Structures are given as structure tokens and as C-alpha cells.
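In: dropping the sequence and predicted coords here.
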Amino acid sequence: MVYRGNISMTEQIVKGWITGYDQPDFYQGAIVPEEMKESIGIISVVDMDEKNRENLYGILDWK
């Protein structure tokens, strides 16, 4: 995955994800269909309500 053909921007995004995993409420994952064997997008929790056990998910696909 290279964000819009910009390797530097992609590196910054991935570093942010890695740093985010230090937080217990950070969720970021790749969407990888078995038959394709490669990432076609990402999914993340963009808003979390622990009291009501509700989450809002964000999905970005690039294929």
C-alpha cells in the first residue's frame, strides 16, 4: 500500500498507526480477502462509546 503514490506520506501514516497501538483504545486493521492475498483497504474504530458498547467504524478502500 502506498497512499496516493506518496511514499513519504505512507511512512508517516504507518508510523502514526504504530504509535497508536500503545493506546488501549486504538484499533486499525487491514482488509485482506483470502482469495486476493493482499490488502484492499483499512478499517478502524473512529468513535467508541464504552458505556453503551457502541463503535463507529471507518472503512477506506483503494482497489
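Out: Arrived safely. Numbers count the residues shown, from 1 in each chain.

In: can you check the pLDDT for the nearest residue to D25 once chain neighbours are set aside?
Out: Counting by C-beta to C-beta, 6 or more residues apart in numbering, D25 lies nearest to M48, which is 5.9 Å off, once chain neighbours are set aside. Just so you know, the C-beta spots here come from the backbone N, C-alpha and C atoms, and that holds for glycine as well. M48 is assigned 72 on the pLDDT scale.

In: ok, now P33?
Out: Looking at P33, its pLDDT is 88.

In: touching, it and I40? I think so.
Out: Yes - proximity of P33 to I40 meets the contact threshold set by C-beta atoms under 8 Å, at 6.4 Å.

In: pick out whichever of those two has more residues nearby.
Out: I40 (14 against 11; other C-beta atoms under 10 Å).

In: hang on, isn't that one packed against E34?
Out: No - with contact defined as C-beta under 8 Å, I40 does not count as touching E34 (11.6 Å).

In: bridged to the most centrally placed residue in the chain, which residues?
Out: Nearest to the geometric centre of the chain sits Q28, at 3.7 Å (C-alpha atoms, centre = their mean). Counting by DSSP bridges, Q28 is bridged to S44.

In: make sure S8 is indeed in a strand.
Out: No - assigned with DSSP: H, G, I helix; E, B strand; the rest coil, S8 falls outside any strand and is helix.

In: can you map out the helices along this structure?
Out: Assigned by DSSP state H, the chain shows helices spanning 7-20.
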